[in-house]
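J.: A structural model of the following input is requested.
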Amino acid sequence: MPRSNAPRRAFTLVELLVVIAIIGVLIALLLPAVQQAREAARRMQCSNNVKQLGLALHTYHDTHLTFPSGWIGPNRMSWQSMILPQLEQSALSDQLGAEGAFTADGSSSAPVWHNNTAIVSTGTTPLASTIIPGYICPSDPSESLNTKLRSDDSSFPAQYGKSNYVGTYTAALYNTAGTKTADRNAMFYENSDRKFRDITDGTSNTLMVAERGTVAHYVGSLWIGWHDLSPGGTTGDRWFITHVRINRLSNDSQYAINGTIGHAASSSHPGGAQFLLGDGSARFIPETIDVQTYSALGTIDGAEVIDEF
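T.: Below is the predicted model:
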């Protein structure tokens, strides 16, 4: 059969440009969906981290009949270092103990982080620089070391392992007169000794842990504790509060979720942050939560009537 000698028709330049344009439109439409799917997966992993913290805290309470202290004494080990065995980090906890991290200082029966040099610099990988995946939110874009918090000893700059989670310190730092209050009516503070029976507001109405970002003006957190950290005043590396003054809401926006102060609960998730409630459940709470409801969630015994959130 004779072959046809008719020339084959090629794509014209216009047709190629149309195809490229269509592909570009499809990519533009699909890329946000892919990014949203990735963020949803990261947010789910963060929620799982928070749930694991809840399980570890409950297991700690079952073992010791109390929750861990927010931190022991001034500049000492944090609650996050105390629950390492419950997070399957017993080897790290044992190494810290061997370096004296949980040893009493003679003036108190409480354990003290008294040997900063040994803890930070022992071994080829400093203990305080250990990266614990369960303490890191996958949406937080900063590196796994917290470079915003460092020891005042310049020989140990910014090499502490990061955490993206902090405990509830108090509902308010100040009373209605603007005077700093010693009322610590939340879960974690210096030498705290909270038990389930202390949470009279109900465990499902009480915040225990929140996220803390390390981007912009947020200082993040450290899992190991706090020891003469700079910049000054960044004691919020281990805690957050839900508002600044009792019954005074005019300045509370700075302490709102993703607020303007570095010690607010914050995250890299759009629109809110993950929280752990006293019953062990993880909740994503939006930035738009009513400020009075948010404040009430910060107390363990405020007897507030809490609306849906």
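
J.: Tell me where the model's unsure across the stretch 1-150 of the chain.
T.: 1-11, 33-34, 73-76, 99-125, 147-150 (pLDDT under 70).

J.: cutoff 90 now
T.: Where the stretch 1-150 of the chain drops to pLDDT under 90, the residues are 1-43, 69-79, 81-82, 92-131, 140-150.

J.: Now do the helices in it.
T.: 13-64, 79-82, 90-98, 116-121 (DSSP state H, counting those that start in this stretch).

J.: Present the ones you listed as a markdown table; the columns should include distance to I285.
T.: The way it works is simple: take the backbone N, C-alpha and C, and place the C-beta from them, glycine included. Below are the helices of the stretch 1-150 of the chain laid out as a markdown table (distance: least, Cβ to Cβ, whole Å):
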| stretch | distance to I285 |
| --- | --- |
| helix 13-64 | 11 |
| helix 79-82 | 21 |
| helix 90-98 | 31 |
| helix 116-121 | 34 |
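
J.: Tell me which of those helices is the most buried.
T.: Neighbour counts (mean count of other Cβ atoms under 10 Å) averaged over each of those peak at helix 79-82, with a mean of 26.

J.: Mind listing residues that contact it?
T.: 60, 67-71, 93, 96, 101, 135, 163, 165, 167, 188, 221-225, 238 (Cβ atoms under 8 Å, 6 or more residues apart in numbering).

J.: Tell me the buried residues in stretch 271-281?
T.: 272-278, 280 (16 or more other Cβ atoms under 10 Å).

J.: Skipping adjacent residues, who's closest to K162 in space?
T.: Excluding the flanking residues, the one nearest K162 by Cβ to Cβ, 6 or more residues apart in numbering is N146, at 4.2 Å.

J.: do the same with S90
T.: Using Cβ to Cβ, 6+ apart, the closest residue to S90 is L84 (7.0 Å).

J.: for G278, same thing?
T.: Closest to G278 by Cβ to Cβ, 6+ apart is T203, at 3.3 Å.

J.: And the pLDDT for the one you found?
T.: Note on T203: pLDDT of 94.

J.: what about it, distance to R42?
T.: To R42, T203 is 27 Å away according to Cβ to Cβ, to the nearest Å.

J.: One more: W223?
T.: Distance of W223 to R42, given as Cβ to Cβ: 20 Å.

J.: where exactly do the helices run in the stretch 151-300 of the chain?
T.: With helices called from DSSP H, counting those that start in this stretch, the stretch 151-300 of the chain shows them at 291-297.

J.: Low-confidence stretches in it?
T.: For the stretch 151-300 of the chain, the ranges with pLDDT under 90 are 151-164, 166-193, 210-268, 270-272, 286-300.

J.: for it, what spans make up the strands?
T.: Assigned by DSSP state E, counting those that start in this stretch, the stretch 151-300 of the chain shows strands spanning 160-163, 165-174, 207-211, 221-222, 229-230, 239-245, 272-277, 282-286.

J.: Relative to the fourth one, what are the paired strands and their orientations?
T.: Put plainly, it is strand 221-222. Partners of strand 221-222 in the sheet, by DSSP bridges, are strand 160-163 (antiparallel).

J.: Wait, A186 touches G298, no?
T.: Yes. In this structure A186 lies within contact range of G298 using Cβ atoms under 8 Å: 5.6 Å.

J.: Quick one: neighbours of S142, just the number.
T.: S142 has 17 neighbours, counted by other Cβ atoms under 10 Å.

J.: got it, and I72?
T.: The burial count for I72: 26, using other Cβ under 10 Å.

J.: What of K195?
T.: K195, neighbours per other Cβ under 10 Å, totals 11.

J.: List the contacts of the residue nearest to G278.
T.: Contacts of T203 (Cβ under 8 Å, 6+ apart): 196, 277-280.

J.: Any figure for the gap between it and L65?
T.: Applying Cβ to Cβ to T203 and L65 gives a distance of 16 Å.

J.: Likewise for L145?
T.: From L145 across to L65, the span is 35 Å (Cβ to Cβ).
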